[in-house]
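>>> need a structure here:
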Amino acid sequence: MRKTYTHIIVIITLVLIVASCKVAFVGGSKGENLRPGKLYKKLIENEFEY
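Take a look at the predicted model:
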């Protein structure tokens, strides 16, 4: 019985580790490459003004 709980805890831990290691892409697709000029332009457009 105790071995079963240990196995379940190990499996849940492994699933959480694998799920947390995925790559997140924010504001673009996976294959999108931005040139420095375009990147700078987007930076200036989205900068925070005090």
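>>> helix or strand: which one has residue 16?
In this structure, residue 16 sits in helix 2-20 according to DSSP states H and E.
>>> now do that helix, average pLDDT.
Helix 2-20 shows a mean pLDDT of 88.
>>> mind listing residues that contact the helix or strand that comes right after it?
Downstream of helix 2-20, the first helix or strand assigned by DSSP H and E is helix 36-45. The contact list for helix 36-45 (Cβ atoms under 8 Å, 6 or more residues apart in numbering) reads residue 34. All C-beta atoms are positioned from the backbone trio N, CA, C, and that covers glycine.
>>> just the buried residues of helix 36-45, please?
The neighbour-count check on helix 36-45 (16 or more other Cβ atoms under 10 Å) flags nothing as buried.
>>> tell me how far it lies from the chain's centre.
22 Å (Cα atoms, centre = their mean, to the nearest Å).
>>> now stretch 42-50
With Cα atoms, centre = their mean as the basis, stretch 42-50 stands 23 Å off its chain's centre.
>>> what is the helix holding residue 16 packed up against?
Using 3 or more Cβ pairs under 8 Å, 6 or more residues apart in numbering; DSSP states H and E as the contact test, no helix or strand touches helix 2-20.
>>> how about that helix: buried residues?
For helix 2-20, burial by neighbour count (16+ other Cβ under 10 Å) applies to no residue.
>>> can I get that helix in CSV, CA atoms only?
C-alpha atoms of helix 2-20 as CSV (Å, rounded to 0.1, in the frame of the first residue of the first chain):
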residue,chain,number,x,y,z
ARG,A,2,2.8,2.4,0.9
LYS,A,3,4.6,1.6,-2.3
THR,A,4,1.5,2.6,-4.3
TYR,A,5,1.5,6.1,-2.7
THR,A,6,5.2,6.5,-3.4
HIS,A,7,4.7,5.6,-7.0
ILE,A,8,1.8,8.0,-7.4
ILE,A,9,3.8,10.8,-5.8
VAL,A,10,6.7,10.1,-8.1
ILE,A,11,4.5,10.0,-11.2
ILE,A,12,2.7,13.3,-10.3
THR,A,13,6.1,15.0,-9.6
LEU,A,14,7.5,13.9,-13.0
VAL,A,15,4.4,15.1,-14.8
LEU,A,16,4.6,18.5,-13.1
ILE,A,17,8.3,18.8,-14.0
VAL,A,18,7.7,17.9,-17.7
ALA,A,19,4.7,20.2,-18.0
SER,A,20,6.6,23.1,-16.5
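>>> all set now, cheers.
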